[in-house]
Every structure is written in structure tokens, then in C-alpha cells.
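Asker: sequence and predicted structure, then a few things I'm wondering about:
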Amino acid sequence: MTAQGAASDVLLEVRGLTKHFTLHGDIYSKLAGEKAQVLKAVDGIDFHILRGETLGLVGESGCGKSTTARLVTRLIEPTAGEVRLKDEDLLAFSPARMKETRKDVQLVFQDPYSSLNPRKTIMHILSRPMEIHGLAGSWSEKRGKVLDLLRRVGLGVEHIDRYPHEFSGGQRQRIAIARALSVDPELVIGDEPVSALDVSIQAQILNLFRDLQDEFGLTYLFIAHDLSVIRHISDRVAVMYVGKIVETGPAAALFEDPLHPYTKALLAAVPEADPNKPPPRLTLQGEVSTPIDPPPGCRLCGRCPQQTAICAEVAPPLVDVGGDRQVACHNL
């Protein structure tokens, strides 16, 4: 919970969210009696999102960001933890209640072409969610709503009877966003929604996300590995490394003064446009840690230039350091 928002302002809260996958290996491993390995994709993370804000979740590929999105939406079931939407335990919902709740939490995926049915027109793609959730009656009412959605995402009436292959990548992502909005959601989760687009198109889609947030009062969980994207769209940022959240805080403060060594290293890798600003010096050595049976201490141990003896033995908790910032590090 932040000092800036009361409990009633929290739309989504995640507590101790965990997803472990058991890797049984091949037949030869089983015959040899080898113990199954455990991939700790998401390993006890905590975060919350206030109504109307954007939380950016950033980290390298494979750190658990997309798994987190699928856990929050219950596309996959967690190993442990809580997901509370509007202070209700999402994981305790029955299948019928979960189906009803899905309209409140919508996903926009990375590849819009794969997420759109190539055999259906845009009219069908955008009206089908309305039909499933009973949000439209007659054909003319559905068509009117679809036309309104197209207008709001920057497309026109001439697009309604076309198929996904007739659109550019940026236009297809606009259609995917319109589909998410078709059921009047409260929370939209963008899972790398601009990473497959050209840089110029990325800016247009990011601006569209912001405009729609202002217009509809939406709340976003925005997942990306690109720091410039996260900086542009986010109010607050959570930094993830090998299944753990290592730092959270307001976007401006985090980018101006990163506290965790991993966050510092991420920002040090970004080219600095200001020639008068000295570049950050912190760099990490070695390879990214594996999430398969990781050691008990800090996941960054072995790569971090600030590490001490305790880092290899005890995983640092995510603690409040003031200014609505939390950091998981023994050596601040």
C-alpha cells in the first residue's frame, strides 16, 4: 500500500504471487532417478495498482513478466499467493464468477495478428465479446457500438467489414485495443503491446493508450522490456529480475535516482541523449541467473558489484524506503 492512496483507491493488489513449474526431464533422467527440477517463473511477488494509474512492469526477457500477466487474469493458476481485484480474492472465484469478471480485466497481447481470428471480419471480432457478456442486443446496436470503438481507436467505418490481414501492424493493434475496450473493462493489461511495432508506430499506440485512459478512466498494467516505453507510459514502475520484483516507485523518481543495482544497470545500458550528463557507471558481470532451482540468496548475487556475504545466503525482502519506493537489497 502506498502512502499516496487509501485502500479504497486500490483496484488490483497482488500478495506473494508464485508460479513454479516442475521440469521432469527426459526418459533417461527419470530412469537414472534424477530429481525433478523446479522453474520458479514468478517467486513471491507483491505489487498493487491504484485506480486510474499505470503501473509499468519492466525487466529482461524471461524474468516472469508475461507469466505475471497470465496469473493476474487466471489464464494459468498460481502455485501460491493472492490476487485481489476490488478487494475480492480473484483466485477464490468459481468458473461462472470468473467468466463474469473477465470483462473487468482485459489483455492486449504483443502480436496483434496472432490474437485476431483471420477468418472473421472486424465487425465479428469486436462484437463477439459483447455477445458473450450480454452487453449488446440487436445487430444494429452492436454495429453502432463497433463503429464507435473504431472511431475511438483511430479507424473508420470503411474498416468494419475487412479482415485482419488487410491491416498494418499498427492498425491491427488498434483493433486489439478496441476489442479489449468492447466490454467496458476497468483494468487493461498490455503484455508487450508495442514491441512488435516500428518505433514511429509505437509512439502513436502509446499516445492512444494514454488518450483512452483519460477518456474512460482506465487502469493499466503495462508490461515491457523497453525502458523508454515504460518511462513514457507509466506513473509507477516495478522492476522484475528472475521471478522477483527488486524495486518499485514513481516513474520519475526511479528513472532519476535508481536504488537497486539491477535498476542502475538497466539504466546504464540506455544511451544518454544529454552530452553534459555523466553516464551511470554500474555494470553487471556474467550471465543472467537461471530461474531453475535458484540459490537461496539474492538472484543478482554473483553479478552484482555491491554484493556482500549475506547476499548469497538470504533473499532480500522488498522493503519501504520512503517516498512511495520499495527496494529489495541488503546493501543500500
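Answerer: Yep, that arrived. Numbers count the residues shown, from 1 in each chain.
Asker: list the contacts for the closest residue to Thr121 other than its chain neighbours?
Answerer: The shortest distance from Thr121 to any non-neighbouring residue, by C-beta to C-beta, 6 or more residues apart in numbering, is to Asp161 (5.2 Å). Yep, even glycine has a C-beta here, placed from its N, CA and C like the rest. The contact partners of Asp161, taken as C-beta atoms under 8 Å, 6 or more residues apart in numbering, are Thr121, Ile122, Met123.
Asker: need the three-state assignment for Gly134.
Answerer: Reducing the assignment at Gly134 to three states with DSSP: H, G, I helix; E, B strand; the rest coil gives coil.
Asker: could you report the pLDDT at it?
Answerer: The score at Gly134 is 90. That number is its pLDDT.
Asker: now the contacts of Asp161 in CSV, please, with extra columns for pLDDT.
Answerer: Formatted as CSV, the entries for these read as follows, by pLDDT from 0 to 100:
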residue, pLDDT
Thr121, 97
Ile122, 97
Met123, 97
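Asker: out of these, which is nearest to Lys35?
Answerer: Ile122 (51.0 Å; C-beta to C-beta).
Asker: please compute how far the stretch of helix or strand Met130 belongs to lies from its chain's middle.
Answerer: Here Met130, judged by DSSP states H and E, is contained in helix 122-132. Its chain's C-alpha centre and that of helix 122-132 lie 25 Å apart, by C-alpha atoms, centre = their mean, to the nearest Å.
Asker: mind listing what's buried along it?
Answerer: Neighbour-count burial for helix 122-132 flags Ile122, Met123, His124, Ile125, Leu126, Ser127, Pro129, Met130 (criterion: 16 or more other C-beta atoms under 10 Å).
Asker: show me the contacts for the closest residue to the third one other than its chain neighbours.
Answerer: So the one you mean is His124. Closest residue to His124 apart from its sequence neighbours, by C-beta to C-beta, 6+ apart: Asn117 at 7.8 Å. The neighbours of Asn117, taking C-beta under 8 Å, 6+ apart as the test, are His124, Ile125, Pro164.
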